[in-house]
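Novice: Kindly generate the corresponding structure for this input.
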Amino acid sequence: MLRSPSSLRSLLHLSARLLPPPNPRLPRPPHPRLPSYPLSARPRFLSSSSSSSSSPPTTGGAGWATYDPVTDSLSAPAALSSPSASASDPEAPAESDAWAVFDPAAGRIIKHRSPPSSSTTAAAAKAEEDEEEEEEEGEGADEGEEKGRVRASARVAKAQTSWSSVAAVRKPAGKGGKERFSFVCSHCKEADSQWWGFCRHCNAAGTMEKYVPGTDGNASAVGLHHISRSWIPQKSKEIVPQSLQEVNKGLNQAEWRIPLSGSFGVEIARVLGGGIVPGSLILVGGDPGVGKSSLMLQLASNILEGFKVEESSPVVYVSGEESIEQIGNRADRMSITSSKLYLYSGTDIEDILDKIQPLSPRALIIDSIQTVYVKSFAGSAGNLAQVKECTSALLRFAKLTNIPVFLIGHVTKSGDIAGPRLLEHIVDVVLYMEGERCSSHRLLRSVKNRFGSTDELGVFEMAEFGLQAVLNPSQMFLTEHDSDSEILAGLAVAVILDGSRTFAIEVQALCVSGSQRSGQVVGIPTRRADVIISVLMKQAGLKLQDNAIFLNVVSGFELTETAGDLAIAASICSSFLEFPIPNDVAFIGEIGLGGELRTVPRMDKRVMAIAKLGYKKCVVPRTSEKLLKPLNLDIEILPCSNLKQFINAIFRPQG
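Specialist: Down below sits the predicted model:
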């Protein structure tokens, strides 16, 4: 056994007192630095002697190392240095090969053989290299050519990797390939990097289990790092910066995008910016039941219509929520019979990429991104890590193969796409499909588009055989009324813009005098409605204090643009004065707190759209009169500066 730390400490003090005092005439030698760690925490190497453990150890005796407190090291015993000791006992083991290490944590001595020295290892390695060089020099020229062909074929096989490799994992670089693991809740399948004793997501106790990626069916996967964090091929010697002229040389921008045909394809191409860009990653979100799957199935059929059946590549529709029979039933109901449309049901990203590789498709559709997973990562499909990693893997696949990928995404209660916000940053295009359950109209809105404008809007109508494009969306929110109808009192038409589309929206108002109830507002921001009512009371002199005012926008449309302020004020005045507004008058303008009418952007486009619908008059702010006069439109422009002029121009008895 080793001496206790207290005895070694006393030995240090004793050796310090026995040292001779320093001579002031001689240069003072540097004081040896003592170790700052505890003596008991540092293992000491001792040679294993043939003496029995029952005999007490003697300092400097045979088989024991001597501790030098000045140099903080152990010197070899005399028995090892003298050749006579080993010669006297030929059966004794070689002392230089067996060593013992004291483990302070276990509290015992562990015996093992000493590793070979670095010089010996280096010499042996050099000798092996010399032997290999001599063998290669002795080989003939035929064998050298054979080896060259084998190496070339190996490089070709390595270059032809499978598509599923973009979703595979590798050993993490650095730290000697240290194994990475996490803890997964067996109840909710959420992962955490630390063990807390309970799940921080579902608060279940005792459900956290250790998870090592790659232990289930993928023994080579021991890390959480992908084989390629970037979609750019790792050929640093071949890739160099190129000028813009070299990049666009020989590239026809008109034929670069994948074309879409028909009125349905024109609406989709409008939102995407002119067509589908090869290698793009497009995310489509929307409420449940709004028609996302039907839209993607029709889009897959439309892509194939632009090419000849013999020459076109297939389009693969992968669903993680439905079977291929269910998808086929929907396609039959929508009269889709393309032979190049392939259906597959699966949720494993690596399996999906392996199965579609022989087909070399023109486009890939994943329905939905919350149902697929990468088996090398912890957690169930749909959690934050899985959604992010699946999207990253599909992004690399799209950029490497130049195949466009469409992703369908679920939305949360607030209307945002489920998953991390990083999901919308990764993809190239984000589309939202909007529509009310009580309405047959669907709006496809572009929120993010790296290849086009985000001002575009696609308008569809859900019919029996799928989505149909609306040719004239400006009048889809209008209803037919007779000019002598009494219900026109309290109804006004607002002209608004949504993206690049112009819509004519009907705004209704109802003023109930002497009502004890407060008014309600539907389709209009409540604060905006309160401001307009207050301005009418103050600047126009309307006595609206004793009236309950109800406002509504027809067809469930949300009127958020300030261009509808004048139509809201016109409907309130019409209901309060009980004066019907003619059905051929439209209103465009914003109302300020002083009662003044302010112009809004794109006045010319709004007036041109309302003129095509057959309207005869349009009330606009006076500041936009000069802009509209050169258009020479077949419509009468009524410019007004404030609310009083507006009321006198519209609510004046005809005579």
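Novice: give me every residue that touches the nearest residue to K375 once chain neighbours are set aside.
Specialist: Here the nearest residue to K375 in space, its sequence neighbours aside, is D348; by Cβ to Cβ, 6 or more residues apart in numbering that works out to 6.1 Å. (Each C-beta comes from the backbone N, C-alpha and C, glycine too.) Contact analysis of D348 by Cβ atoms under 8 Å, 6 or more residues apart in numbering lists 372-375.
Novice: For D348, give its distance to T560.
Specialist: Using Cβ to Cβ, to the nearest Å, D348 is found at 43 Å from T560.
Novice: Repeat that for N329.
Specialist: Applying Cβ to Cβ to N329 and T560 gives a distance of 39 Å.
Novice: likewise M537?
Specialist: 23 Å.
Novice: circling back to that earlier point, what bridges to the residue nearest to K375?
Specialist: Beta-bridge partners for D348, by DSSP bridges, are Y373.
Novice: Report the secondary structure state of C202.
Specialist: coil (DSSP: H, G, I helix; E, B strand; the rest coil).
Novice: Show me where the stretch 401-550 of the chain has its strands.
Specialist: 405-409, 429-434, 441-449, 457-463, 466-469, 491-498, 501-513, 521-522, 547-553 (DSSP state E, counting those that start in this stretch).
Novice: Which residue, other than its chain neighbours, is closest to G262?
Specialist: N302 (6.5 Å).
Novice: do you know how far the residue nearest to A563 when sequence neighbours are not counted is from A567?
Specialist: Counting by Cβ to Cβ, 6+ apart, V600 is the residue found nearest to A563 once chain neighbours are left out, at 4.2 Å. The spacing between V600 and A567, counted by Cβ to Cβ, is 12 Å.
Novice: neighbour count winner among the two?
Specialist: Taking other Cβ atoms under 10 Å, V600 and A567 do not tie; A567 has more neighbours (29 against 22).
Novice: What separation is there between that one and P259?
Specialist: On the measure of Cβ to Cβ, A567 and P259 end up 40 Å apart.
Novice: which element is K210 on?
Specialist: Using DSSP states H and E, K210 falls within strand 208-211.
Novice: pLDDT weak spots in the protein?
Specialist: Scanning the chain for pLDDT under 70 picks out 1-161, 168-180, 189, 213-238, 308-311, 479-487, 654-655.
Novice: can you map out the helices along the stretch 151-300 of the chain?
Specialist: 244-248, 253-256, 262-272, 292-305 (DSSP state H, counting those that start in this stretch).
Novice: what does the first one rub up against?
Specialist: Counting by Cβ under 8 Å, 6+ apart, helix 244-248 makes contact with no residue outside itself.
Novice: Check which residues of that helix are buried.
Specialist: The neighbour-count check on helix 244-248 (16 or more other Cβ atoms under 10 Å) flags nothing as buried.
Novice: same deal with the longest one?
Specialist: Buried residues in helix 292-305, defined by neighbour count with 16+ other Cβ under 10 Å: 292-304.
Novice: quick one on the thing from earlier: arrange the helices of the stretch 151-300 of the chain in a markdown table, one row each, with distance to P314 as further columns.
Specialist: Listed next are the helices of the stretch 151-300 of the chain as a markdown table, based on distance: least, Cβ to Cβ, whole Å:
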| stretch | distance to P314 |
| --- | --- |
| helix 244-248 | 30 |
| helix 253-256 | 21 |
| helix 262-272 | 18 |
| helix 292-305 | 8 |
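Novice: Single out the most deeply packed of the strands of the stretch 401-550 of the chain.
Specialist: strand 405-409 (a mean of 26; mean count of other Cβ atoms under 10 Å).
Novice: List the neighbouring strands of that strand plus their orientation.
Specialist: In the sheet, strand 405-409 lines up with strand 281-286 (parallel), strand 363-367 (parallel) (DSSP bridges).
Novice: can you list contacts of that strand?
Specialist: Here strand 405-409 has contacts from 280-285, 292-293, 296, 299, 363-370, 391, 394-395, 397-398, 417-419, 423, 427, using Cβ under 8 Å, 6+ apart.
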